[in-house]
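**Q** missing the sequence, but the structure's below:
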């Protein structure tokens, strides 16, 4: 999966959860939950959707690595690359 594809998936899923937020206005290094005004259930739904779409496992023990848009994008890239290498 390419970086561009991952970015598109991430943007689409974030928009699904927070449709009123414009990605252009988001601080990509800011706290994900604050930038998108999402609660813990929204976050879990986001992680579950991204895991299903990418085929990459995203265990709860890694949630602290998904704190911003940029961090989540980097995490997805790492996980999908590892999954493809198997």
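**A** That came in fine, so what should we check first? Because the structure is a prediction, the values reported are computed rather than measured. Numbers count the residues shown, from 1 in each chain.

**Q** Counting by contacts, list what the longest helix seen in the chain packs against.
**A** Secondary structure of the chain per DSSP state H: the longest helix is helix 69-85. Contact here means 3 or more C-beta pairs under 8 Å, 6 or more residues apart in numbering; DSSP states H and E; on that basis helix 69-85 packs against helix 3-17, helix 32-35, helix 40-54. For glycine as for every other residue, the C-beta is placed from the backbone atoms N, C-alpha and C.

**Q** mind running it again at 7 Å?
**A** If you count contacts as 3 or more C-beta pairs under 7 Å, 6 or more residues apart in numbering; DSSP states H and E, helix 69-85 packs onto helix 3-17, helix 40-54.

**Q** what's the least confident stretch among those helices?
**A** Note on the helices and strands packed on helix 69-85: helix 3-17 shows the lowest mean pLDDT, a mean of 91.
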